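Just need the structure, nothing else, for what follows:
(chains A and B)
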Number of protein chains: 2
Amino acid sequence: MILVNGQASDRVDALDRGLAYGDGVFRTLRTAARAPLWWSDHYTKLAADCAALALDCPDEAVLRGEVGRVAGEGAALAKIILTRGTGTRGYAPPTGQTATRIVMGLPSPLHAHPEPADGITARWCTLRLAQQPLLAGIKHLNRLENVLARAECNDPAILEGILCDTDGMLIGGVMSNLLWIARGILHTPDVSASGVAGVARTRLLRAAPRLGLDTRIDRFPPAAILAAEEVMICNSVLGVRRIAHLDGACCPSAGWSARLNAALHEETD
Amino acid sequence: MILVNGQASDRVDALDRGLAYGDGVFRTLRTAARAPLWWSDHYTKLAADCAALALDCPDEAVLRGEVGRVAGEGAALAKIILTRGTGTRGYAPPTGQTATRIVMGLPSPLHAHPEPADGITARWCTLRLAQQPLLAGIKHLNRLENVLARAECNDPAILEGILCDTDGMLIGGVMSNLLWIARGILHTPDVSASGVAGVARTRLLRAAPRLGLDTRIDRFPPAAILAAEEVMICNSVLGVRRIAHLDGACCPSAGWSARLNAALHEETD
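Below you'll find the model as predicted:
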């Protein structure tokens, strides 16, 4: 089921600026019992992303209600797209226009990505992410870099591609954030110039003290993860997944992915 | 009038990847007597942009026919959007899927931007364009940088903003390419890491020898245009426009914009 501005519809206006320019933001989140999981974090992030683009974020109760309407009936995920509405007059953002809301229920992709007992296989992407501080961190609709990076490899055994920026520094996965444990510290790359600051990453950084972990967010070279006790990816759909193989190299296991995954799911909001 | 895959419609599929990821390309072109101007150049560029993204470019005759159908009746412009079609399965491009074609007639914006007798007013943008060689030059649907740059200033007297990349080197206008004449040479910035290689720019580079002009495409600092005989912007809608004022500075005139504009329009295909 898809709701466009609250009305059941599978169509959007051909003049929507989300289509014309990618002028909008999105969220993909899990649902259970017809309600969104981690809603408080997802709405906070959505509102922050809207603010960064000077988009008018819809009311929380309205959006939450629409997610509830599309959830269930086999839809284990909800996707929310917010755009700057319609326009024909070029790049200038129209003023005083409410955002277009597209809320859809989606089947879970988890059956397509069962958790291997010994962790997932990842690869290094060739593409280097451009650096744009004004857009970094935001889950906006300009995702051609992700599309091209994902298209580099079509091996179904490889779940994720790991990306560096144009300086060769670690950023994250094509569809996930990257984290690792080394010397009792939870490490994750700085995403202030490239990449997305995902909600699962935010929740894990918040949960780290409960697990006795310090945190470090910084710019790291690729070699940093080769020295880790355990390397993982995370996002709101997959949770935490341990990387067991990275371009043929074996990555060690220290039991962190199960602990972090449990911490991630400790609270439902 | 809007045609979606050849059918009159003002709606597109809510699952279209053009909306989800900006996964597509576009063209804006002028029409006259129900036919596209500069069609050969526009189709060549469209096909090249599709190839760069591994998109299946529609047949030339089909697209040209659709542009003819939306042209006229007050529509002085046509916009073509091609996307990678629909998808719900994440960033991986679906294979064997034909592109979604959206072809629309648009009114001319020229009445909103009459040619001032002494040239246009431009400004320097604060935003610095990210550098992504895999996407640079392509007129793709990931245009948030243009939206943000355009939103920096809402003064109707200022027609265009001039952009540099993250190294501070000249790239072009928010909606146009930048060019200038100095020492008998037509200069225009290299757009192999940022910016768009527009059709008007291509036509002017091709026409330069007929005007006795050498050409130079390179990376230039902002100071390069301050030493020019004449600075101009160009695109397929506005043609060539001389910059008369740039953030308060006056830019000299040497008659080049009229000569280049004439050369640009010498051939209709």
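
could you list every residue that touches the nearest residue to A:Cys57 once chain neighbours are set aside?
Leaving aside its chain neighbours, A:Cys57 sits nearest to A:Cys50 (3.8 Å; criterion: CB to CB, 6 or more residues apart in numbering or on different chains). Backbone N, C-alpha and C define where each C-beta goes, glycine included. A:Cys50 makes contact with A:Val25, A:Asp56, A:Cys57, A:Leu82, A:Ala99 under the criterion CB atoms under 8 Å, 6 or more residues apart in numbering or on different chains.

Let me have those residues in a markdown table, extended by pLDDT, secondary structure and neighbour count.
Below are the contacts of A:Cys50 laid out as a markdown table (pLDDT from 0 to 100; DSSP: H, G, I helix; E, B strand; the rest coil; neighbours: other CB atoms under 10 Å in any protein chain shown):
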| residue | pLDDT | secondary structure | neighbour count |
| --- | --- | --- | --- |
| A:Val25 | 98 | strand | 27 |
| A:Asp56 | 94 | coil | 13 |
| A:Cys57 | 96 | coil | 19 |
| A:Leu82 | 98 | strand | 27 |
| A:Ala99 | 93 | coil | 22 |
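
hmm, stretch A:171-179 touching chain B?
Yes - looking at stretch A:171-179 against chain B by CB under 8 Å from any CB of the partner chain, the contacts come from A:Val174, A:Met175.

Over that stretch, what's the mean pLDDT, rounded is fine.
Mean per-residue pLDDT for stretch A:171-179: 98.

Using PDB, write down the CA coordinates of that stretch.
Taking C-alpha atoms only, stretch A:171-179 is exported to PDB below (Å, rounded to 0.1, in the frame of the first residue of the first chain):
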ATOM      1  CA  ILE A 171      33.000   6.300   4.900                       C
ATOM      2  CA  GLY A 172      30.600   3.400   5.100                       C
ATOM      3  CA  GLY A 173      28.600   0.700   3.300                       C
ATOM      4  CA  VAL A 174      26.600   1.400   0.200                       C
ATOM      5  CA  MET A 175      23.400   0.800   2.200                       C
ATOM      6  CA  SER A 176      24.800   0.800   5.700                       C
ATOM      7  CA  ASN A 177      27.100   2.500   8.200                       C
ATOM      8  CA  LEU A 178      30.400   0.900   9.100                       C
ATOM      9  CA  LEU A 179      31.700   0.300  12.600                       C
END
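
That stretch: how far from the chain's middle?
8 Å (CA atoms, centre = their mean, to the nearest Å).

same deal with stretch A:147-162?
Worked out by CA atoms, centre = their mean, stretch A:147-162 lies 16 Å from the chain centre.

Can you check the distance spanned by it, start to finish?
Length of stretch A:147-162, first residue to last, CA to CA, to the nearest Å: 13 Å.

Stretch A:71-80 too?
The first and final residues of stretch A:71-80 sit 12 Å from each other (CA to CA).

Show me which residues of that stretch are buried.
Residues of stretch A:71-80 classed as buried under the neighbour-count rule (16 or more other CB atoms under 10 Å in any protein chain shown) are A:Ala71, A:Ala75, A:Ala76, A:Leu77, A:Ala78, A:Lys79, A:Ile80.

now what about it, what contacts it?
With CB under 8 Å, 6+ apart as the test, stretch A:71-80 has contacts from A:1, A:26-36, A:46, A:63, A:67, A:70, A:101-110, A:237.

List just the nearest of the contacts of A:Cys50 to A:Gly18.
Closest approach to A:Gly18 among the contacts of A:Cys50 (CB to CB): A:Leu82, at 8.1 Å.

The closest one and A:Cys57 touch, don't they?
Yes - here A:Leu82 reaches A:Cys57: they are 7.0 Å apart, a contact under CB atoms under 8 Å.

Give the residues shared as contacts by those two.
Both A:Leu82 and A:Cys57 are in contact with A:Leu46, A:Cys50, A:Ala99, where contact means CB under 8 Å, 6+ apart.
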